[in-house]
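Colleague: The amino acid sequence is not available; the structure is as follows:
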């Protein structure tokens with residue numbers, strides 16, 4: 001059963017699929033005992049209602065990707081569905097433009113594309129900069145939530161290249177320093193501490209500096225940018241692009257304390273700041289506790305830590321045979337970086353099937369274009385070594401099987417596979433870590449040892465302490481961190 005709001009579209013499908021049953025109403029469709037599942041091409045706020053009704057009728061719900069949508073996800077969509085039209089609410093007008101609403105910062109996409117078409121690159125850049133502090137950075141690295149929402153994708157194979165157009169504006173803008181906001185010499189008497197020098201903290205600084213706030217930024221790295229600097233390879237994000245956009249903010253009179261690791265939040269609170277913003281990201285990479293891990297730890301690296309060592313030139317070469325574990329963007333960065341550092345036989349090994357990989361499609365394509373094989377449905381079993389020296393890894397080959405409820409299971413095939421390796425990079429996820437926050441400061445922590453943060457104000461249970469970016473709700477992406485800031 002194809003769920004569509006357009007009867008004409010359903011009849012159009014029937015034209016080349018004579019066996020398709022077209023019901024006069026959605027309720028009649030759900031009442032048909034011959035219908036087992038409902039396929040909804042592009043879920044939106046209307047289709048959420050359809051999905052809930054289908055589930056209530058005992059039908060399976062399938063989305064644009066042929067994967068069963070869980071009831072919890074449907075319910076989550078329902079809680080966030082669009083309310084009845086209220087033109088007194090400015091959010092309504094954002095939602096009218098699908099790509100703009102899909103962007104966490106609600107950047108006015110159509111307007112800046114029009115400016116680019118007119119050759120007004122500086123104006124397009126500054127329009128971006130108002131809501132997204134890093135157009136040049138995001139134009140190269142963004143996860144592009146705007147593009148799946150683009151209406152062009154409904155009538156053509158690909159959406160408008162919204163992300164890359166940011167880069168067009170950034171690369172052709174010329175000097176824009178005369179367009180940046182002026183910073184008042186007379187401050188307003190309020191002092192703010194920013195812990196972490198990444199996109200969330202820098203966005204807070206950009207917004208507060210023109211209002212006269214005194215801002216102190218603390219970061220353990222030698223320069224600003226946070227994990228944009230240490231985790232994104234320079235072949236994707238050139239240092240000069242990063243430095244330029246970070247310096248636009250730091251040059252607003254921010255007091256920067258680099259190479260300074262904050263070991264105690266209490267020590268910052270004791271400095272009598274009016275507010276403290278924590279934007280320390282998700283700094284802990286997930287590891288694998290498998291047989292052989294400790295014996296050959298020198299040849300096994302956690303992906304984000306390894307990328308940081310490469311970025312700061314602590315690591316300049318890699319073994320010829322490299323295994324990268326994981327299917328996200330970090331794994332794609334690791335494998336492509338390893339290739340550039342001398343890896344000749346670089347493989348990406350993933351537990352899940354290809355369709356469930358978390359990496360952006362364009363990142364996967366870039367890796368494949370460099371002849372880096374991606375091997376799916378392989379579950380790591382052990383690190384193999386001889387006298388403490390890594391020789392490779394063993395994996396169990398699995399089949400992915402879905403049960404009648406749509407639950408995914410990895411079923412071993414009985415086949416064991418060995419891949420030789422000189423080094424292994426583990427890129428299977430990131431976690432938050434707050435060992436430096438004392439637990440007697442009035443900040444409540446909940447599940448996964450995460451701070452309890454108000455999703456609207458980003459305020460913790462200590463009214464002077466705020467969290468944003470990955471530090472607030474777990475790992476996301478740059479554009480979400482900017483939105484939090």
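Modeller: Good, I have the coordinates. Bear in mind that the values here come from a model prediction, so they are computed numbers and not experimental data.
Colleague: mind checking pLDDT for the spatially closest residue to residue 263 that is not a sequence neighbour?
Modeller: Among residues not flanking residue 263 along the chain, residue 436 sits closest, at 5.4 Å (C-beta to C-beta, 6 or more residues apart in numbering). C-betas here are computed from N, CA, C, even on glycine. In this model, residue 436 is scored at 95, pLDDT.
Colleague: check contacts around residue 436.
Modeller: Residue 436 is in contact with 262-265, counting by C-beta atoms under 8 Å, 6 or more residues apart in numbering.
Colleague: now swap in residue 103 and tell me
Modeller: Listed by C-beta under 8 Å, 6+ apart, the contact set of residue 103 reads 109, 132, 145-146, 479.
Colleague: Go through those residues and say which is closest to residue 411.
Modeller: residue 145 (33.3 Å; C-beta to C-beta).
Colleague: Could you find the closest non-adjacent residue to the closest one?
Modeller: Residue 145 sits nearest to residue 102 (C-beta to C-beta, 6+ apart), 4.9 Å away.
Colleague: any idea how far that neighbour is from residue 110?
Modeller: According to C-beta to C-beta, to the nearest Å, residue 102 stands 13 Å off from residue 110.
Colleague: neighbour-wise, which of the two wins?
Modeller: Using other C-beta atoms under 10 Å as the criterion, residue 102 and residue 110 rank with residue 102 on top: 19 against 12.
Colleague: surely the more buried one meets residue 148?
Modeller: Yes - Residue 102 lies in contact with residue 148 (C-beta atoms under 8 Å); the separation is 7.2 Å.
Colleague: pLDDT weak spots in the chain?
Modeller: For the chain, the stretches with pLDDT under 70 are 1-24, 40-49, 63-85.
Colleague: In space, what's closest to residue 134 - neighbours in sequence excluded?
Modeller: Nearest to residue 134 is residue 245, by C-beta to C-beta, 6+ apart, at 4.9 Å.
Colleague: which residues touch the one you found?
Modeller: Going by C-beta under 8 Å, 6+ apart, the list of residues near residue 245 reads 133-137.
Colleague: go again using 6 Å as the cut-off
Modeller: 134, 136-137 (C-beta atoms under 6 Å, 6 or more residues apart in numbering).
Colleague: Then residue 469?
Modeller: By C-beta under 6 Å, 6+ apart, the neighbours of residue 469 are 200, 279, 481, 484.
Colleague: Helices of the stretch 201-350 of the chain, start to end?
Modeller: Secondary structure of the stretch 201-350 of the chain (DSSP state H, counting those that start in this stretch): helices at 227-230, 239-250, 265-269, 303-311, 329-340.
Colleague: quick one, which of these is packed in tightest?
Modeller: Mean neighbours per residue, mean count of other C-beta atoms under 10 Å, is largest over the helices of the stretch 201-350 of the chain for helix 329-340, with a mean of 25.
Colleague: just to revisit the earlier point, any chance of CSV for the helices of the stretch 201-350 of the chain, columns distance to residue 473?
Modeller: CSV is the format used below for the helices of the stretch 201-350 of the chain (distance: least, C-beta to C-beta, whole Å):
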stretch, distance to residue 473
helix 227-230, 16
helix 239-250, 23
helix 265-269, 19
helix 303-311, 18
helix 329-340, 18
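Colleague: now for those helices, which one comes closest to residue 468?
Modeller: Closest to residue 468 of these is helix 227-230 (C-beta to C-beta; 13.7 Å).
Colleague: what does that closest one rub up against?
Modeller: Helix 227-230 has contacts (C-beta under 6 Å, 6+ apart) with 198, 281, 308, 311.
Colleague: quick revisit: where does the residue nearest to residue 263 fall, helix, sheet strand or coil?
Modeller: Counting by DSSP: H, G, I helix; E, B strand; the rest coil, the backbone at residue 436 sits in coil.
Colleague: and the host helix or strand of residue 165 with helix 239-250, angle?
Modeller: If you go by DSSP states H and E, residue 165 is part of helix 162-171. Helix 162-171 and helix 239-250 are oriented at 80 degrees to each other (axes from the mean of the first three to the mean of the last three C-alpha atoms, to 10 degrees).
Colleague: Contacts for helix 162-171 next, please.
Modeller: 109, 113, 116, 121, 124-125, 128, 135-136, 138-140, 142, 144, 146-147.
Colleague: Which residue ranges of the stretch 201-350 of the chain form strands?
Modeller: Assigned by DSSP state E, counting those that start in this stretch, the strands in the stretch 201-350 of the chain fall at 214-218, 255-257, 275-278, 284-285, 300-302, 321-325, 345-349.
Colleague: Next one: residue 238 from residue 366, what distance?
Modeller: For residue 238 relative to residue 366 (C-beta to C-beta), the value is 16 Å.
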